[in-house]
Each structure stands twice: as structure tokens, then as C-alpha cells.
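K.L.:
Give me coordinates for this.
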Amino acid sequence: QTPMSVLARVFRRARAPAAVAAGLASLLYLLRRQRRQAPASARSKAGGGGARKRTGGDLDAVFLKEFRALLKVILPSLISKEGLILAIHTAALVCRTFISIYVSILDGVIVKTIVDRNGRAFAFEMLKWIAIAVPATFINSLIRFMESKLALAFRTRMVRHCYSKYLSHQTYYRVQNLDSRLPNPDQNLTEDVLQFCANTAHLYSQLSKPLLDLLLMCGALFRTNLQRSQGGTSGFLLSIAPFGGAGLIVAATGALLKLVSPPFGRLAAEQMARDGHLREVHSRIIANAEEIAFYQGHAVEETVLTRAYNALAQQANLIYRARLSYVMLEQFFMKYVWSAMGMCMVAIPALTTGARDTISQRTESYMVSRNLLTSASDAIERILSSYKEVTELAGYTHRVSEMLKVFDEVCDGRSHIVPALAAQPSVKPEEGDVIRIEDVPIITPGGDVLVQRFSLTLEPGTHVLITGPNGCGKSSLFRMLGGLWPIYGGRIVRPSMDKIFYIPQRPYLTAGNFRAQIAYPLSERQLQERGITDAMLLEVLQHAQLQHVLEREGGWDAVLEWKDVLSGGEKQRVGMARLYLNRPKYALLDECTSAVSVDVEHQLYQHAKDLGITLLTITHRPSLWKHHTHLLQYDGQGGYAFTALDLTTRLSLQEEKDKLQQQLHSLPAMKQRFDELCALLGEDDDEKDAADAEGQEELEE
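P.N.:
Just a heads-up that it's a prediction; the model follows:
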């Protein structure tokens with residue numbers, strides 16, 4: 001043979017291994033490249049240079065700490081409903097493992113009866129097969145059922161925990177208005193909690209059963225191989241050697257997959273964030289549909305919506321590409337390399353078995369070993385493939401933990417909109433019988449100082465009218481008294497919140513019947529505890545002049561979309577009815593009767609005063625002046641004045657202002673007519689200028 005023919009033969013034999021090696025090298029390169037690109041993209045989205053902000057998905061000590069904290073919430077103790085479900089689920093998993101071992105052995109026995117051509121034994125073993133199918137199918141269904149029940153129990157426990165934090169101490173308001181870390185708390189409370197609980201329950205099955213399968217299957221496989229070997233030290237070594245080789249291959253596979261695995265947790269967390277942004281865009285369009293329609297802004301909104309969706313689709317494609325190459329490498333090792341190793345593990349005992357074994361015995365041994373090995377291989381595959389699910393769980397864990405952390409910090413008064421204000425401790429209001437404000441700065445959540453030092457004392461019966469230009473701090477005072485905004489200095493004394501009632505210009509209408517609209521924020525149970533009957537509610541309706549609505553809409557138990565059924569004036573009278581029902585000590589009224597006629601407005605305010613309620617009113621209607629004793633007037637430049645309200649003087653000043661305003665409005669028409677007369681009379685510009693100057697002097701006088 002010539003050297004060229006030898007080289008050609010070597011080349012032909014090496015083509016397949018070389019192609020496999022090249023393919024593996026390319027696959028590893030792609031995986032490593034994707035692993036590097038994902039953190040880089042996360043850094044670029046976080047703002048460029050500097051240390052990368054932790055976005056979740058890292059399997060580190062922080063993840064373990066966060067997961068342990070959440071685990072205490074969803075599984076407070078083993079002696080609980082969740083612990084009972086977990087115990088039943090675990091028992092079902094153990095039963096399924098023993099059934100799998102029994103089925104593997106039974107399969108080998110059935111094959112042995114076929115090889116022996118023993119019809120009676122075959123029929124008997126088939127009866128066993130059918131008999132074991134009944135508990136096996138029940139256990140399989142029970143495992144899936146208990147996993148779903150466990151996920152639901154975890155979610156129920158977590159949702160109740162989150163709701164207790166979200167709906168206490170006005171956290172729901174502060175998260176949206178005083179903090180910027182949770183742009184979509186609705187998604188955190190629904191989708192993130194759902195994914196975390198479902199993944200936790202699934203991973204328990206995904207990890208506990210394979211570990212148990214692996215332990216018991218390997219034990220049964222080792223015992224079978226040992227029985228078929230020659231015995232002694234050599235037999236023991238021949239039985240244990242394949243397990244050592246398989247262990248090395250599995251360990252190498254796990255290390256390699258971990259090395260090249262893309263950051264699935266961070267990718268999943270980023271996808272959830274982009275999905276939340278898309279929901280936010282949809283919600284904004286729904287909330288502002290009327291304004292968008294008037295502006296004909298659908299083209300702009302379509303662009304924003306498409307951009308948000310494209311960002312989500314781009315992230316999804318990135319995850320799909322990462323999974324494609326990762327799963328290819330995973331399947332190569334787990335399906336083919338492990339299968340080859342499994343064949344060796346099954347073949348070694350069969351090849352070394354003595355001549356005393358018959359063909360049927362060797363076939364039985366082979367089938368039992370093969371089935372046990374297949375089950376053990378599947379268990380190892382599920383354990384290694386669960387790595388990416390664990391990283392995704394890390395992403396969901398971080399998002400839920402971050403949500404609860406923000407809830408706790410916001411509840412304690414630590415917001416993150418303005419860093420300087422976040423570092424400054426807020427002042428807690430004191431409880432007293434009167435409203436007393438001493439040297440309190442009125443500062444918006446964005447850090448704008450509206451009033452440097454504000455002081456005010458309001459005794460019961462001091463009805464205050466509040467006026468001033470827009471953005472001067474009128475509503476800001478109400479938000480501070482209501483505890484919505486933090487207080488950065490000074491001292492505030494006020495009654496408890498059940499003695500202060502706020503009515504906005506557009507009262508909130510809750511879901512429920514008409515009784516719930518009038519009673520809000522009291523529930524029907526609270527009405528019963530306080531002894532408030534429908535007759536008492538009807539009396540409140542009569543004072544608010546809403547009894548016709550009760551007759552028109554079908555009584556107290558009518559359930560309608562009240563925001564569409566009631567007119568603007570009726571909605572505002574519902575707010576006044578709530579005020580009469582609660583009878584607080586102070587009422588904060590923010591343009592709450594702007595859609596009500598003047599005569600009805602007078603009756604509403606007069607009845608509130610007759611109930612002994614002290615009024616603090618923001619309004620631009622002069623008709624309400626007579627219901628107040630003092631005036632709080634902002635100048636829009638950071639100053640204010642608090643004086644007694646002289647109704648006679650103020651009405652005369654208002655009348656003079658209205659007359660002057662009417663004269664000023666008529667000046668343009670008079671000037672236009674004057675120019676027309678000059679043109680008809682043929683007067684020149686000098687005469688017109690002289691007439692204009694004379695008119696201006698008269699106006700100034």
C-alpha cells in the first residue's frame with residue numbers, strides 16, 4: 001500500500017469523529033458566546049459602566065437567603081395544610097419509585113416466560129402486569145394532582161401574605177406614587193407569585209423523585225449485577241466498575257453543562273420585566289382611551305405598543321436561541337453518550353456470566369438491568385436538566401423578594417424617588433383632638449418644596465376655605481393630613497384617621513350593590529356590628545337628596561356599573577352621604593360639589609355643619625364662602641396667609657372684581673368699533689393715537 005492510500009483510509013475513518021468534534025466545538029463556542037452576551041446586554045440596559053446591578057437569576061448565597069425567606073412564608077411549618085399536602089405528595093413519589101422497580105423486574109420475568117415458551121407462566125405474569133397497572137395509574141394521577149394542589153396551597157399562602165402587606169398602611173398608594181422600584185406591582189402580585197409557587201412545587205417533584213429513583217434503582221441494579229457475577233472480589237469489582245465509570249461521565253456532563261449554561265434566570269427575569277412593561281402600556285391606553293381618541297393619537301400609541309412588544313419578542317427569541325444550543329448539547333450527552341455507557345453497564349455482567357445460565361435467564365437479567373438502568377438514566381437526566389429550571393426559579397424568587405422588600409421599606413416611610421429624601425427620616429404624626437401643624441415643610445414626592453415652613457392650628461368649628469393657584473399646595477396639605485405623603489420635619493398633631501374623612505372631586509365607586517356605595521369604606525359586616533340599618537341609610541340618602549336613585553335603580557341590593565349609571569352630581573352626593581354616615585370630626589373636601597347646583601350645595605354643606613363636622617374646603621365657588629369662618633390663601637410663591645373670613649368685605653371685593661372683568665372683556669370690541677368709525681369718518685392716524693391715549697388715561701383713572 002502506498003502512503004497516499006494509507007492516508008486516504010485514515011482520513012475516511014476519521015471523518016465521522018472529526019465532524020462530531022467540530023460540531024461539539026461549534027456548539028460549545030455558541031453557548032459560551034451567548035453566556036457572555038446576556039450579562040453584557042443586562043449591563044447596557046442598567047446604564048453602562050460600573051458594577052452590574054443584580055437582576056436575579058444568580059445561583060448564589062443571595063438566592064439561597066431569599067428562597068429560605070419565601071419558603072418560610074409558603075411553608076410555615078410541617079404541621080400545616082401545606083405540610084400535609086407535601087407529605088402525601090412525598091408518599092406518592094416513594095410509592096411510584098417502588099412500583100417502577102417492581103415493573104422493571106416484572107418486565108424481565110415476562111420476557112423470560114416468552115423465551116421459555118411457557119404459556120401458563122406468561123398468562124400469570126400478564127395478570128400481575130394488569131393488576132399493578134391499577135395502583136400505578138392511580139399513583140401517577142395522584143402525583144400530578146398533589147403537585148397542582150401543592151402549587152395552589154403555596155400560592156394561596158403567598159398571596160395572603162403579599163395582600164396583607166400591600167393593603168396595609170397605604171402601601172398600595174405609596175408604591176405607585178412615592179416609589180419607582182416597582183413599575184408594575186399588579187404583575188408582581190399575580191404572574192410573578194404564580195410562577196414562583198408553580199416552579200417551587202414542580203421542582204420538588206423534579207428533584208426529589210429522581211434522587212430517590214436514582215438511589216433505589218442503582219441499588220437494585222447493583223444487586224442484580226452482583227447476583228449474576230461470579231461472586232467474590234472479582235465479581236464485586238465487575239459489578240461496581242460500571243457505576244464508577246458512569247459516575248465520572250455524569251459528573252463531567254454536569255460540570256460541562258453548568259460551564260456553558262446561559263443565565264436562564266436572568267433571561268427569565270428580564271422577560272418578565274418586559275412583559276410587565278407591555279401590560280403597563282396596554283393599561284395606560286385603556287385608562288386614557290378618551291384623551292387618545294380626541295387627540296387622534298392612535299398612531300403614536302401603536303408605535304409605543306409595538307416597540308414594547310418587539311422588546312418582549314426579542315428577549316423571547318434570545319431565550320429560545322439559548323435553549324436550542326443548550327438542549328442540543330444536553331441531549332447529545334444524556335441521550336447518546338449515556339446510552340452507550342448504559343449498554344456497557346448492562347453488557348459487562350452478561351458477558352462475564354458463567355455458562356450455567358440459560359438464554360432465558362440471561363435475557364431476564366438483561367431486561368431487568370436495562371429497565372432499571374433506563375429509569376436511573378431518566379432520573380439523572382431530570383436532575384441535570386432541572387438546572388435551567390432552578391435558575392429560572394432564582395429569577396422569580398428575586399422578583400418576589402424584591403417586591404416584599406419594597407413593600408416593607410415603603411411601609412416604613414423609605415421611598416426611592418428622590419435619593420436625598422429617601423435617606424432623610426420622616427416624622428410620624430401625633431394623635432390629638434385638634435389639627436396642629438408646626439413648621440412643617442410641604443414637599444412633593446418628587447422633591448419640590450411648595451412651602452418652606454407651614455404652621456396652622458384648627459380647633460373644632462373652625463371651617464376653613466382654601467384658595468390659591470394651581471400647584472401651590474392646597475391638595476398637598478390634605479395628603480399630608482391623610483398620611484399619604486411623608487413629613488420631613490416639624491410636628492403634626494391630628495385626630496385618628498377614623499375621625500378625618502376625605503371627599504375628592506370624583507368619589508371612588510366600589511364594586512357591589514348600592515348599599516356598598518353608600519357605606520364605603522365600611523363593609524356590610526361592619527354595618528351590622530355598628531347597628532346601622534337600611535332605615536338609617538335611607539335617612540342619609542334623604543339628606544344627600546339621593547332617595548330617587550334608590551327607587552330608580554331597583555333598591556339596596558341592585559348591582560350595577562355605578563360609575564356609568566350615576567351622573568356627576570349624583571356621584572358627588574354619594575360622597576357627601578358617606579360623610580354623613582361616618583360623621584367624622586374633620587372633613588377634607590376637595591371640589592367635592594363642583595357638579596352640584598348651588599341650592600343643593602348649600603343644603604349639603606349646612607347639614608354637614610349641623611352634624612358638628614369641621615370643614616376644610618378647596619373650592620372656587622363664592623357661594624360656599626358663607627359656610628366657612630376662616631381663609632387659608634396661598635400665593636403660589638411659597639407663601640400663605642391664614643386669616644378670619646370677612647364675608648361682607650370679600651363679597652364686595654368679588655363684586656367689584658366681576659365688574660372690572662366685564663369692562664376689560666368689552667374693551668377689544670370697543671376698540672374695534674372705534675377703528676371702524678375712524679375709517680368711516682376718514683380720520684388720520686394721529687387723531688386715532690390721540691384718542692387712544694385719552695381713552696387709556698380715563699381707564700387708568
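K.L.:
Need the residue closest to the centroid of this structure.
P.N.:
The centroid of the chain falls nearest to Asn188 when counting by C-alpha atoms, centre = their mean (1.3 Å).
K.L.:
residues touching that residue, list them.
P.N.:
Remark: with contacts taken as C-beta atoms under 8 Å, 6 or more residues apart in numbering, Asn188 is in contact with Leu182, Gly276, Arg399, Val400, Met403. In short, each C-beta sits where N, CA and C put it, glycine included.
K.L.:
Assign a three-state SS to Leu588, would you?
P.N.:
strand (DSSP: H, G, I helix; E, B strand; the rest coil).
K.L.:
Tally up the residues packed near it, please.
P.N.:
When neighbours are counted by other C-beta atoms under 10 Å, Leu588 registers 22.
K.L.:
That one reaches Leu484, doesn't it?
P.N.:
No - the criterion here is C-beta atoms under 8 Å, and Leu588 misses it with Leu484 at 11.2 Å.
K.L.:
related to what we said a few turns ago, what secondary structure does the residue nearest to the centre of the chain sit in?
P.N.:
helix.
K.L.:
In this structure Ser208 contacts Ala92, no?
P.N.:
No - proximity of Ser208 to Ala92 does not meet the contact threshold set by C-beta under 8 Å, at 10.9 Å.
K.L.:
Of the two, which one has the most company?
P.N.:
Ranked by neighbour count (other C-beta under 10 Å), Ser208 and Ala92 place Ala92 first, with 22 against 15.
K.L.:
ok, the more buried one to Ala153 distance?
P.N.:
Using C-beta to C-beta, to the nearest Å, we find Ala92 at a distance of 15 Å from Ala153.
K.L.:
Secondary structure element for Thr643, which one?
P.N.:
strand 640-644 (DSSP states H and E).
K.L.:
same thing with Val451?
P.N.:
Here Val451, judged by DSSP H and E, is contained in strand 449-458.
K.L.:
What is that strand packed up against?
P.N.:
In terms of contacts (3 or more C-beta pairs under 8 Å, 6 or more residues apart in numbering; DSSP states H and E), strand 449-458 is packed against strand 435-443, strand 640-644.
K.L.:
Apply 10 Å and report the result again.
P.N.:
Applying 3 or more C-beta pairs under 10 Å, 6 or more residues apart in numbering; DSSP states H and E, one finds that strand 449-458 contacts strand 435-443, helix 474-481, strand 491-494, strand 614-618, strand 630-634, strand 640-644.
K.L.:
Tell me the gap between stretch 283-294 and the middle of its chain.
P.N.:
23 Å (C-alpha atoms, centre = their mean, to the nearest Å).
K.L.:
Quick check: buried residues in it?
P.N.:
The neighbour-count check on stretch 283-294 (16 or more other C-beta atoms under 10 Å) flags Ile285, Ile292 as buried.
K.L.:
Please apply the same query to stretch 517-536.
P.N.:
Buried positions in stretch 517-536, judged by neighbour count with 16+ other C-beta under 10 Å: Gln517, Ile518, Ala519, Tyr520, Leu522, Leu527, Ile532.
K.L.:
Helix, strand, or coil at the fifth one?
P.N.:
Three-state secondary structure (criterion: three-state DSSP) places Leu522 in coil.
K.L.:
So it sits against Gly512, correct?
P.N.:
No - taking contacts as C-beta atoms under 10 Å, Leu522 lies outside contact range of Gly512: 11.7 Å.
K.L.:
Now render the buried residues of stretch 517-536 as a markdown table, adding pLDDT, secondary structure and distance to Gly569.
P.N.:
Output for these, formatted as a markdown table (pLDDT from 0 to 100; DSSP: H, G, I helix; E, B strand; the rest coil; distance: C-beta to C-beta, whole Å):
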| residue | pLDDT | secondary structure | distance to Gly569 |
| --- | --- | --- | --- |
| Gln517 | 90 | helix | 15 |
| Ile518 | 90 | helix | 16 |
| Ala519 | 89 | helix | 20 |
| Tyr520 | 89 | coil | 18 |
| Leu522 | 87 | coil | 23 |
| Leu527 | 88 | helix | 25 |
| Ile532 | 89 | coil | 25 |
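K.L.:
May I ask which two of these are separated the most?
P.N.:
Within the buried residues of stretch 517-536, Gln517 and Ile532 form the most distant pair, 14.3 Å apart (C-beta to C-beta).
K.L.:
Pull out the buried residues from stretch 121-133.
P.N.:
In stretch 121-133, counting by 16+ other C-beta under 10 Å, buried: Phe122, Glu125.
K.L.:
tell me the average confidence for it?
P.N.:
Average pLDDT, stretch 121-133: 86.
K.L.:
Please work out which residues outside it touch it.
P.N.:
Stretch 121-133 is touched from outside by 99, 102-103, 106-107, 109-114, 116, 118, 136, with contacts defined as C-beta atoms under 10 Å, 6 or more residues apart in numbering.
K.L.:
Which of those has the largest number of neighbours?
P.N.:
With neighbours taken as other C-beta under 10 Å, the top of those is Lys112, carrying 23 neighbours.
K.L.:
Show me what the helix or strand hosting that one is packed up against.
P.N.:
Following DSSP H and E, one finds Lys112 within helix 81-116. For helix 81-116, the contact count by 3+ C-beta pairs under 10 Å, 6+ apart identifies helix 119-166, helix 193-228, helix 359-411 as packing neighbours.
K.L.:
how about these, which one is nearest Leu64?
P.N.:
The nearest among the helices and strands packed on helix 81-116, by C-beta to C-beta, is helix 359-411 at 9.4 Å.
K.L.:
Pull the residues that contact the strand holding Val451.
P.N.:
434-444, 462, 464, 471-474, 476-477, 480-481, 488-494, 586, 614, 616, 630, 632, 634, 636-640, 642.
K.L.:
Could you check how many residues crowd around Leu324?
P.N.:
With other C-beta under 10 Å as criterion, Leu324 counts 12.
K.L.:
Tell me which helix or strand it sits in.
P.N.:
helix 298-331.
K.L.:
per-residue confidence averaged over that helix?
P.N.:
On average, the pLDDT along helix 298-331 is 82.
K.L.:
Stretch 607-627 now?
P.N.:
For stretch 607-627, the mean pLDDT works out to 88.
K.L.:
Just the C-alpha atoms of it, please, in CSV.
P.N.:
Below are the C-alpha coordinates for stretch 607-627, written out as CSV (Å, rounded to 0.1, in the frame of the first residue of the first chain):
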residue,chain,number,x,y,z
HIS,A,607,-76.3,69.6,57.1
ALA,A,608,-72.6,68.7,57.4
LYS,A,609,-72.2,71.7,59.8
ASP,A,610,-75.3,70.7,61.7
LEU,A,611,-73.7,67.3,62.3
GLY,A,612,-70.8,69.0,64.0
ILE,A,613,-68.3,68.4,61.3
THR,A,614,-65.4,70.9,60.8
LEU,A,615,-65.0,71.7,57.1
LEU,A,616,-61.7,72.2,55.2
THR,A,617,-62.8,73.0,51.7
ILE,A,618,-60.9,73.6,48.5
THR,A,619,-63.2,75.5,46.1
HIS,A,620,-63.5,78.3,43.6
ARG,A,621,-67.2,78.9,44.2
PRO,A,622,-68.1,82.1,46.0
SER,A,623,-71.4,80.5,47.1
LEU,A,624,-69.5,78.4,49.6
TRP,A,625,-67.9,81.4,51.4
LYS,A,626,-70.8,81.7,53.8
HIS,A,627,-70.2,78.2,55.2
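K.L.:
so how far is Phe154 from Leu86?
P.N.:
From Leu86 to Phe154 the distance is 10 Å (C-beta to C-beta).
K.L.:
joint contacts of those two?
P.N.:
By C-beta under 10 Å, 6+ apart, Leu86 and Phe154 have these common neighbours: Leu75, Ala201, Tyr204.
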